[in-house]
Structures are given as C-alpha cells and as structure tokens.
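Colleague: need the 3D shape of this:
(one chain, ligands or ions: 3)
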Amino acid sequence: MKEKIIKWLGLDQKSEYVKNYFYATNMRASVYMSVVVVVLEIWMIIRMTNTIIGLDPSVRKPLSYYFQKYYLNYMILLSAGTCMLIFSLRFIKGKKDHPQIGIGVKWLFSVICIYFGITISLNDYAKGEQILTFLTMELFVVCLLTWQPIVAFLILSSSYLYFYAKLNTMPPPNGELPGTTIATNINLFTMWLSTLLFSFSNYNRTLSQAKKDENLEEINAHLSRISIYDELTGIHNMVWFRSEAEKLMNYVITDKENMIFLFFDIENFKSYNEKYGFHEGNKLLKKIAVMIDQAFQGSLASRFSDDHFVVLTSTQGCEQKIEALSHEIKCCQGEVHLELKCGAYKPAGNETDPSLACDRARFACNSIKKHYDCVYKLYDKSLEDRFQLKQYIVNHIDTAIENGYIKVFYQPVVSTSDGCVCGLEALARWQDPNYGLLPPGAFIEILEEYRQIYKLDQCIIEQVCRDYQNAKAQQQPFVPVSLNFSRLDFELCDIVGFVCETAEKYHVPQEYLDIEITESALTDQQNLLQNAVKKLRSVGYKVWLDDFGSGYSSLNVLKDYQFDVLKIDMKFLTGFSSNEKTKLIITNIVNLTKQLKMVSLTEGVETKEQFEFLKSIGCDRAQGYLFSKPVPLEILRQKIEANELQITEKYQKI
Ligand code: C2E
Ligand code: CA
Ligand code: CA
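Modeller: Residues are numbered from 1 along each chain as shown. Ligands and ions are numbered 1, 2, ... in the order given. Here you go, the predicted model:
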C-alpha cells in the first residue's frame, strides 16, 4: 500500500534511463513553450511601446513608471524564455551536459511564467477583464512540461491558492464588495482540478513510454551484444571478427606486410571434457579465451568454434606471445595433457577475404596436430597444395556424388572357425578425374569438418543396397556388409530413417546391413547417439563398435551402450611378434567380449601367425590385408571365383 502511494505520487526510484527520458521530454516541450513566450513578450514590448508613443504627451507618465509596471515583467519573462530556449536548443542539438542546470532553468522559467500569469491576470481582473493569462501560464507549465504528480500538485495548488487569496482581497471593478463570486470560485476550482488530472495522466503516459523504450533499448543492447560476442566465453565472435578483419584488409593505410592470421586449437581438449565434465570444460574454455584475448590486446581476437580461436595481429612479437600462451595453458591442464597448437597465415597484399585466411591458418594448425611439442606452424608453399585439395574436396563433393566418382571398395571379414568370408566392410574411395584414386584419409576428415559427411555416407548406403539388388538379380552370392557411420550423420540427417528407406527401396533384408560406429563418436552428445543406437537395433540392424581401444573411454562406452560386434582396433596388433603383452591384452578383450555376449572381430590382420593366434584365443572374426585389401566388388568376385576366398556356406545363395 505504502509502495503504491509512493508510486502514485511519483516518488518511487527511477532508473537513469527513465530520468533521462523525462528530462529529454521536458527539454523538447520547452522549445515550443519558450518560443511562444519569447515571441509573445517581444510582441507585448512592441505593442506597449506603440501605445506609449501614441499617448497624448500630457497624459504620458514618466518612462520609469512604464518600466516598473510593464517592461520589467516583460523583460524578466523574455530573459527566462530566452534562457530556456537556448538551453533546450542546445539539448536538441545533442549537447546533453549539465542536466542539473537544465532542471534549474526549467524551474526558474516555470516559476516566472506562473508569477507573470498571476501578476497580469490580477491587473486584468482589476480592469474587469478575464483572467486568461494566469490560466494559460498554468496550462503551459503544468501540462506542456511533465512533473512528478506530487510536484504538479504542489505547484498548481500553491499558485491557485495564492491567486485566489489575492483575488479575494481585491475590490471587483464594478464597485461591489471585495471577494470573488461563487462562479469565479467554481471556475477556478474546475480549472485547478482539470489541469491537475491532465498533468497526472501526462506523467503516467510519459512514464509508461519511458519504460517501454527502456525495455526495447535493453533488448536491442542485448541483441547487439550477442550478435558480436560469443555467448560462452564473452570474447568477440566470428561475425565481428570477419567484418573487422575485412575492414582492416581493405584499408589502404593498414600495414599489410606485417599482418598475420593465427588459428589456435587446444589439442586434447575433448579428453579434458571427458575427464572433468562439460561444466569444467567450459570453465577452462572461458579462461583460455580470456588469456588469448589479453595476450593479443589491441588486435582482433575471437572464438572460432569449440576450442578454436582466431586472431589477426602484427607479426612483431607474435611468436613470443604464442610461446607464452602455450606455457600458460599447460599450467591449467590438470591430469590431461593439453597442448596449444597455432597455425599462422600471412595474407598477400591484395587478399581481402578473412574467411579464406582463417581457413589457411587453420590448415597450418591441423598440420601439426599430434606433433608433440610443436606449437607453431606458418602456412607455406608446401601446405598450399594440400590446402587446394581440401578446397577441391569441399567444393566438389556434390558433383563427385552426381558423377559417380564415389566408389565402394569392399574388404572381406572372415570367420576364424573356417576362414570363410562372412562379411564385407564397405570403404569409400573417391576416383577423381584430376587427383586419381583418393583414399578416405584424404577426404573423410575434411567432409566432417565441413559437415558434408552425411552426403558421402548416404551415397555409400545407396551403392551397397544397389550392389545387393544386382547380386540378387544375377543370382550371385552376397554377404552382409558393414557400413561406416560418422558421428555427424546422426546430427546432420535422419541417417537411421535413410537406411531403412533405402533398404526397403532395394529390398535388402536387415541382416545384410550392419552399422559401424567408432568409439570416439560415442563420447559426446550421449543421448542423441544412445537413442540412435537403440533405434537401429530395434528396427533389426546390428550395431558394431569400431576401433575399440583407440580412444580414451572405451570401457565406459561398453557400459553405456549395447553392441553386437566389437571391432578391436588394429593398433593392438602392432608389435605383435615383439611384445608379449599384446597377446595378453587381446586375449583379455576377447574374453570380455564373450562375457558381454558380443561377437569379437580383430582388424589389421596381416600375417598368418596373427590369424592363428586369434583363432586360438577364440576371437570370432578377423579382417585385414592377409585376406584382402579393400577392392571393388568385381575384383572380389574374381578372387572368389579363383578360389582365393571362400564364402561362408550360409551366404552362398541369397
Ligand atoms: P576403419 O573403419 O577403421 O577401416 C579400416 C581401415 O583399415 C581401412 O582403411 C582399411 O583399408 C585399413 N585396413 C584394413 N586391413 C588392414 C591391414 O591389414 N593393415 C592395415 N595397415 N590397414 C588395414 P581405409 O579404407 O583407408 O579407411 C580409413 C578410414 O576411413 C576407415 O577406418 C573409416 O573410419 C573411414 N571410412 C572409410 N569409408 C568410410 C565411409 O564410407 N564413411 C565414413 N564415415 N567413414 C569411412
Ligand atoms: Ca570401420
Ligand atoms: Ca576400424
């Protein structure tokens, strides 16, 4: 209740914005008001002067009489009006300093206006004329300007009371007894009330408009903040970076010779996230962002994406700063080995595209990934050819698919029990007219980086299904094919839906398609992949865990997901003959697989000795160059016809 009254009286706390809004509204209104007053006063002075000049010299009083009685008032009001006009015009022109003086001038002007209104109207009343000047001035002051309700009430009530008291003691012009008539009292009261109500409503209207504008302003400020700042780290984002970098690259005066783009990557950041959780990961990311921002103060720095940052700076002292940063980051690493990697690119004088420059710096950065203790790499001619290939791949994936340059090579998987082929792995190849046969190592990562990988995987699914259909039509044997899915397929498209539809279109039974998902894919976005794996299994596909043991959280993955086949990474077979531990580890993994009721498959089998060992420990399947490299389907058929490979009896007929 108390709060309501305080609010109603206009005594509640107001934000700086609202106060400024009121001030601006009053300053704008003052312009009109003071112009009217100034013009009116000049006109009054001229009129009075004319009247005095026109008077018969015998009745003309001394000039001091007129000055005291009329001119002085006109002059006072004229000066106050001029002051107000000057101040409000300054404000309109954008000079918003000294608001206290502005408020003082407004008060002075208002008091003088009212005083003038009272004096003139008392004179008029004595002459039997109407009291219009007083009413006009009240309207001017209280309705054109905006006051807090309590102030408006005080100004109006005191001036009306004073005026009324004066009137009440004046003898009316018609010689009757002193005192106002009932009609005058009622008129005065009605005027007081209506101006008061008008001023209240004016105040409330201005207040609500001010608040509305304040909200809008806040929303705008927020929008413009998030449009150029990165939400997580608080440093600038790429929208800002690109536009500022473009301006710099286009300025004639920029010292382009010494300009350098830096791309930062925090190697192993993913492992840090896995070990300490996303919350801690984000905290570290913020810390690193601030470090980079501060290390390159005065240059352009922003977050590129994930744990990647870009900087546009001067070459001078740049390597020392990177060295220092790398050291600082190592201090925050905890138990995970974090390493700062920085790729740099010096644009040529005529280059103006910051995105391409960032891409090149990033490329240089990626080229030193996994190179222990190598922090900095400047983009040079040797990287250019590889970079061109990358650009080529990104720009040509669609045409490569359309023109049939993407081919499926098949690598057999054999059963250790009889050495017969019980499956094939579909592996992509890009047969390019310019570059020749490209292995997946040349394009998979790039397509993932540019989020185009799903196109390739869909193309492979379709070709495998078509191969099945053709085999069936020609009454050729066919064995189940395992397809490699990228983690991004689940994000970028409905890959599960796509497999189901395509299999249906080519009449491929579920048992002829298996899905391989690599272990590293399963560490982020748990829910998305967990649901996808469940869905794939629920519609009848077998899901294989690929590259088991190559990453950080292999055992966790086994705990959280259900798989049908476990593919033991080929790195376990390296050092097979020299390291006794290798055999022990593989044996244990195979046993674990059995306990978890999964089929075990070891990849990268290159020697007979390895195969015999796997067979002896009960590993169910094997895959590797010992049986065949990945080859086109026709070659595989020839091998089967030549009896180099045999197909498991079950699949000899479709
Ligand atoms: P991966 O799924 O682990 O595939 C096995 C890779 O090991 C193949 O390389 C294969 O040629 C190679 N390999 C097989 N046996 C042996 C062996 O005895 N010794 C050695 N040293 N290597 C062997 P490839 O075909 O170059 O494929 C590389 C990777 O590219 C694959 O690894 C897979 O992750 C990815 N990839 C291939 N095709 C596709 C695809 O269609 N979609 C997706 N998303 N990824 C694919
Ligand atoms: Ca695979
Ligand atoms: Ca693999």
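Colleague: mean confidence for stretch 474-487?
Modeller: For stretch 474-487, mean pLDDT is 96.
Colleague: next one: the helix or strand where residue 186 lies to chain centre, how far?
Modeller: Here residue 186 sits within helix 182-228, counting by DSSP states H and E. The chain centroid and the centroid of helix 182-228 are separated by 36 Å under Cα atoms, centre = their mean, to the nearest Å.
Colleague: next secondary structure after that helix?
Modeller: helix 238-250.
Colleague: who are the packing partners of that next one?
Modeller: For helix 238-250, the elements it packs on are helix 182-228, strand 259-267, strand 300-305, strand 308-314, helix 354-367, judged by 3 or more Cβ pairs under 8 Å, 6 or more residues apart in numbering; DSSP states H and E. In short, each C-beta sits where N, CA and C put it, glycine included.
Colleague: how about 6 Å then?
Modeller: Judged by 3 or more Cβ pairs under 6 Å, 6 or more residues apart in numbering; DSSP states H and E, helix 238-250 is in contact with strand 300-305, helix 354-367.
Colleague: would you turn the ones you listed into CSV with distance to residue 313, mean pLDDT and mean neighbour count?
Modeller: Shown next, in CSV, are the helices and strands packed on helix 238-250 (distance: least, Cβ to Cβ, whole Å; pLDDT from 0 to 100; neighbours: other Cβ atoms under 10 Å):
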stretch, distance to residue 313, mean pLDDT, mean neighbour count
strand 300-305, 7, 96, 21
helix 354-367, 11, 95, 22
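Colleague: which of these sits closest to ligand 3?
Modeller: helix 354-367 (21.5 Å; Cβ to the ion).
Colleague: contacts for that closest one, please.
Modeller: The contact list for helix 354-367 (Cβ atoms under 6 Å, 6 or more residues apart in numbering) reads 242, 245-246, 261, 263, 265, 310, 341, 343-345, 347, 377, 379, 383, 387.
Colleague: which strands or helices does the helix or strand following that helix pack on?
Modeller: Later in the chain than helix 354-367, the nearest helix or strand by DSSP H and E is strand 376-378. Counting contacts by 3+ Cβ pairs under 6 Å, 6+ apart, strand 376-378 is packed against strand 339-345.
Colleague: any idea of the mean pLDDT in stretch 386-398?
Modeller: 94.
Colleague: how about residues contacting it?
Modeller: Against stretch 386-398 from outside (Cβ under 6 Å, 6+ apart): 363, 443, 446, 450, 452, 455.
Colleague: for those residues, which PyMOL command selects only the ones that are buried?
Modeller: Selection of buried members from those for PyMOL, criterion 16 or more other Cβ atoms under 10 Å:
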select buried, resi 363+443+446+452+455
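Colleague: relative to residue 26, which of the contacts of stretch 386-398 is nearest.
Modeller: If you rank those by distance to residue 26 using Cβ to Cβ, residue 450 comes first, at 57.9 Å.
Colleague: who's in contact with that closest one?
Modeller: residue 394.
Colleague: so residue 406 versus residue 493, what's the distance?
Modeller: Applying Cβ to Cβ, to the nearest Å, the value for residue 406 to residue 493 is 16 Å.
Colleague: those two: which is more packed in?
Modeller: residue 406 (22 against 15; other Cβ atoms under 10 Å).
Colleague: for that one, name its beta-bridge partners.
Modeller: Counting by DSSP bridges, residue 406 is bridged to residue 430.
Colleague: pretty sure it contacts residue 459?
Modeller: Yes - with contact defined as Cβ atoms under 6 Å, residue 406 counts as touching residue 459 (5.1 Å).
Colleague: still on that earlier bit, can you redo the contacts of stretch 386-398 as a markdown table with secondary structure and distance to ligand 2?
Modeller: Formatted as a markdown table, those follow (DSSP: H, G, I helix; E, B strand; the rest coil; distance: Cβ to the ion, whole Å):
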| residue | secondary structure | distance to ligand 2 |
| --- | --- | --- |
| 363 | helix | 26 |
| 443 | helix | 15 |
| 446 | helix | 18 |
| 450 | coil | 21 |
| 452 | coil | 19 |
| 455 | helix | 18 |
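Colleague: which of the contacts of stretch 386-398 are close to ligand 1?
Modeller: When Cβ under 6 Å from any ligand atom is applied, no member of those is adjacent to ligand 1.
Colleague: between the contacts of stretch 386-398, which sits nearest residue 44?
Modeller: Among the contacts of stretch 386-398, and counting by Cβ to Cβ, the member closest to residue 44 is residue 450, at 79.2 Å.
Colleague: roughly how far apart are that closest one and residue 394?
Modeller: 5 Å.
Colleague: weed out the non-buried ones from the contacts of helix 354-367.
Modeller: By neighbour count, with 16+ other Cβ under 10 Å, those hold 242, 245, 261, 263, 265, 310, 341, 343-345, 347, 377, 379, 383, 387 as buried.
Colleague: between those residues, which sits nearest ligand 3?
Modeller: residue 265 (24.6 Å).
Colleague: list the contacts for the closest one?
Modeller: So residue 265 contacts 308, 341, 365 (Cβ under 6 Å, 6+ apart).
Colleague: redo those residues as a markdown table? Include distance to ligand 2.
Modeller: Formatted as a markdown table, the contacts of residue 265 follow (distance: Cβ to the ion, whole Å):
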| residue | distance to ligand 2 |
| --- | --- |
| 308 | 27 |
| 341 | 27 |
| 365 | 27 |
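Colleague: looks like residue 230 contacts residue 305 (just checking).
Modeller: No - using Cβ under 6 Å, residue 230 is not in contact with residue 305; the gap is 9.5 Å.
Colleague: what stretches of the stretch 101-250 of the chain score poorly on pLDDT?
Modeller: 172-177 (pLDDT under 70).
Colleague: walk me through the domains of this structure.
Modeller: Domain assignment for the chain, taken from automatic domain parsing, gives 2-222, 238-379, 403-651.
Colleague: just say helix, strand or coil for the residue of the stretch 51-200 of the chain found nearest ligand 1.
Modeller: Nearest residue of the stretch 51-200 of the chain to ligand 1: residue 94, at 60.4 Å (Cβ to the nearest ligand atom). Assigned by DSSP: H, G, I helix; E, B strand; the rest coil, the conformation of residue 94 is coil.
Colleague: which stretches of the chain form strands?
Modeller: 259-267, 300-305, 308-314, 339-345, 376-378, 406-415, 421-432, 436-438, 481-485, 513-518, 542-548, 565-568, 599-603, 621-623 (DSSP state E).
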